[in-house]
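> Here you go, sequence then predicted model.
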Amino acid sequence: MAPHSDLSPSETSVPARKAALRNEALARRDALRKEDRRIGSLQIAETVMTIEALAKVEIVGAFWPIRSEVDPRPLARLLFARGQRIALPKVTPNGLVFREWREGEALVAGRFGLSEPHDDLPPLDPTALLVPLAAYDRRGHRIGYGRGYYDQAIERLSRNGPVLTIGIAFSVQAVDTVPSEPHDQPLDHLVTEAGPVPLIRT
């Protein structure tokens, strides 16, 4: 069974419960050895490449890793080798704006310690997103970093048509249940170093 918070749902609000679960999951992720994270990121990349729907996507929204996150750069290299394009997000007052990134291109420092594409690059709307997360459950619900950027981006991009969402995380980030709110966007796929997470749809 996945680790869970000692807080009772009746004792605190959904945001507070999410914050507690987030802190616990991130502490477990931070405790992973650097080499285990490196190997795990490679295993995740190989598994994500087997998702059939992803192979049909021209532009994939990825992200640059911070702190102890899964490193999606090995996956980006595999996507490039398959002829797919990568767009990286920039945090703006209106949410995430994705701009194309080509392998080897320099990035600029953004808010929250992020590395972002240059402002002079044209915005792109990816039809698949690699989604970072702090914690996840078997229903495909995720806890992000508390600002809602990806929920907003998924909602916005979905106005143009279906968006394939793939959460990538280490297995220690699992929790029993993510308290969900109306704006939360369940993921289509979840992948850890142990392989695809079988999602329970209710």
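Okay, I see it.

> Going by C-alpha atoms from here, please, whenever you check contacts or count neighbours.
OK.

> Can you name the next helix or strand after the helix or strand of the chain with the lowest mean pLDDT?
Ranked by mean pLDDT, DSSP states H and E, the weakest helix or strand in the chain is strand 108-109, scoring a mean of 70. Using DSSP states H and E, the helix or strand that follows strand 108-109 towards the C-terminus is strand 115-116.

> next SSE after that next one?
strand 128-131.

> That following strand: partners in the sheet, and parallel or antiparallel?
strand 59-61 (parallel), strand 164-168 (parallel) (DSSP bridges).

> Please identify which of the ones you listed is closest to residue 144.
strand 164-168 (10.5 Å; C-alpha to C-alpha).

> Tell me which strands the helix or strand just after that closest one pairs with, and in which orientation.
Next along the chain after strand 164-168, taking DSSP H and E as the criterion, comes strand 189-192. Within its sheet, and counting by DSSP bridges, strand 189-192 is paired with strand 164-168 (parallel), strand 195-196 (antiparallel).

> any chance of those strands in JSON lines, with mean neighbour count and mean pLDDT too?
Output for the strands paired with strand 189-192, formatted as JSON lines (neighbours: other C-alpha atoms under 10 Å; pLDDT from 0 to 100):
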{"stretch": "strand 164-168", "mean neighbour count": "22", "mean pLDDT": "98"}
{"stretch": "strand 195-196", "mean neighbour count": "16", "mean pLDDT": "98"}
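
> coming back round to it: among the strands paired with strand 128-131, which is nearest residue 32?
Closest to residue 32 of the strands paired with strand 128-131 is strand 164-168 (C-alpha to C-alpha; 15.6 Å).

> low pLDDT regions in this protein?
Low-confidence segments of the chain, defined by pLDDT under 70: 1-11, 109-114.

> For the longest helix along the chain, which residues meet the burial criterion?
Longest helix in the chain, counting residues (DSSP state H): helix 14-30. Residues 17-19, 21-22, 24-26, 28-29 are the ones in helix 14-30 that count as buried (16 or more other C-alpha atoms under 10 Å).

> Could I get those in a markdown table, plus columns for distance to residue 138?
Formatted as a markdown table, the buried residues of helix 14-30 follow (distance: C-alpha to C-alpha, whole Å):
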| residue | distance to residue 138 |
| --- | --- |
| 17 | 17 |
| 18 | 16 |
| 19 | 19 |
| 21 | 15 |
| 22 | 16 |
| 24 | 17 |
| 25 | 15 |
| 26 | 18 |
| 28 | 18 |
| 29 | 18 |
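
> Taking those residues together, which two end up most distant?
17 and 29 (18.4 Å).

> how about the strands paired with strand 128-131 in JSON lines, adding distance to residue 192?
Below are the strands paired with strand 128-131 laid out as JSON lines (distance: least, C-alpha to C-alpha, whole Å):
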{"stretch": "strand 59-61", "distance to residue 192": "18"}
{"stretch": "strand 164-168", "distance to residue 192": "6"}
